[in-house]
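Participant: Quick one, structure for this:
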Amino acid sequence: MQAAAAAPAPEAAIGGGGSPAGAGAVAAALTRIGAPYSWGGSGPNAFDCSGLVMWAYGQQGVSLPHSSQALARGGTPVSLSELQPGDVINFYGDASHTGIYVGNGMMVHASTYGVPVAVVPITSSGPIYNARRY
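Facilitator: As a prediction, the model looks like this:
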């Protein structure tokens, strides 16, 4: 008699990721849905956009800067057609906003004052500047 196949790890259920840290960062960020926005916030209870990315990756042992502009310059460039869960998407020509791709055209981000951490379409945050894999 064969043993039943093990259930997939939580990261696999989310859709894997471009990197093991990216998959874990998605899982971590999703636990913060509903947390309030706070400029300069880096968690665990309130976040700004880069603070959420920094915190989620920090839960995976990856140290990232608390700056959307620095996030847009680091990591490995990724074309938008190759996005994987965990990739960091940066917005506007000055890379003034950032979020974490979760798959299916969606991302998790901390948007602005009065708006809690949420999952939204990547097309809802303005023009995409670039994407990076960490």
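Participant: what's the host helix or strand of residue 53 in contact with?
Facilitator: If you go by DSSP states H and E, residue 53 is part of helix 49-58. Helix 49-58 has contacts (CB atoms under 8 Å, 6 or more residues apart in numbering) with 21, 25-26, 28-29, 32, 38, 40-44, 47, 63-68, 70-71, 88, 97-100, 108-111, 117, 134. (Each C-beta comes from the backbone N, C-alpha and C, glycine too.)
Participant: Can you tell me how far the most centrally placed residue in the chain is from residue 56?
Facilitator: In the chain, the centroid-proximal residue (CA atoms, centre = their mean) is residue 100; its distance is 1.9 Å. To residue 56, residue 100 is 6 Å away according to CB to CB, to the nearest Å.
Participant: shared neighbours of those two, anything?
Facilitator: 25, 26, 29.
Participant: Strands of this structure, residue ranges please.
Facilitator: 76-77, 88-91, 97-103, 106-109, 118-121, 128-133 (DSSP state E).
Participant: Give me the distance from the helix holding residue 53 to the chain's centre.
Facilitator: 7 Å (CA atoms, centre = their mean, to the nearest Å).
Participant: Dump the C-alpha coordinates for that helix into PDB.
Facilitator: Extracted as PDB, the C-alpha positions of helix 49-58 are listed here (Å, rounded to 0.1, in the frame of the first residue of the first chain):
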ATOM      1  CA  CYS A  49       5.000  50.300   0.800                       C
ATOM      2  CA  SER A  50       8.700  49.600   1.100                       C
ATOM      3  CA  GLY A  51       8.300  48.800   4.700                       C
ATOM      4  CA  LEU A  52       6.000  45.900   3.800                       C
ATOM      5  CA  VAL A  53       8.400  44.600   1.200                       C
ATOM      6  CA  MET A  54      11.300  44.900   3.600                       C
ATOM      7  CA  TRP A  55       9.400  43.200   6.500                       C
ATOM      8  CA  ALA A  56       8.100  40.300   4.300                       C
ATOM      9  CA  TYR A  57      11.500  39.500   2.900                       C
ATOM     10  CA  GLY A  58      13.100  40.000   6.400                       C
END
